[in-house]
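Participant: pasting the structure only:
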């Protein structure tokens, strides 16, 4: 989350310098409820004294109003479709949410039949 917080901070500042405003808060979806709680909590308890500066940076950006942390269950993480294997139904659901549609298959690596016919009728390519 801290890496994304850094990138969002940079992008929002750049866009504001270019005259684009009203970008806050940026919603950051995360599947780790503990991380979200630490990011939102103003008071740190004994058991999380060991957290690093990265967590403090993310929490500061939440308190500034730049970031809004939101829980998203693991099975709804869209980026996971690119890195993990899923049952076909879950895979199809995530692809639809990304706006991806199936590409029609061609039976030949040379392209569709219409391209193959054009090449044959015109003779060899010189």
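Facilitator: Sure thing, it's come through. Because the structure is predicted, anything quoted here is derived from the model rather than measured. Residues are numbered from 1 along each chain as shown.
Participant: how many neighbours does residue 66 have?
Facilitator: 19 (other CB atoms under 10 Å). Any C-beta I mention is one placed from the backbone N, CA and C, and that applies to glycine too.
Participant: I'd say it and residue 11 touch.
Facilitator: No. Checked against CB atoms under 8 Å, the pair residue 66 and residue 11 is beyond contact range at 10.5 Å.
Participant: Now for the closest residue to residue 97 other than its chain neighbours: which residues touch it?
Facilitator: Among residues not flanking residue 97 along the chain, residue 78 sits closest, at 5.8 Å (CB to CB, 6 or more residues apart in numbering). Taking CB atoms under 8 Å, 6 or more residues apart in numbering as the criterion, residue 78 is in contact with 94, 97, 98.
Participant: Quickly find the element holding the first one.
Facilitator: When secondary structure is defined using DSSP states H and E, the element that contains residue 94 is helix 88-97.
Participant: buried stuff in that helix?
Facilitator: Going by neighbour count (16 or more other CB atoms under 10 Å), the buried part of helix 88-97 is 93, 94.
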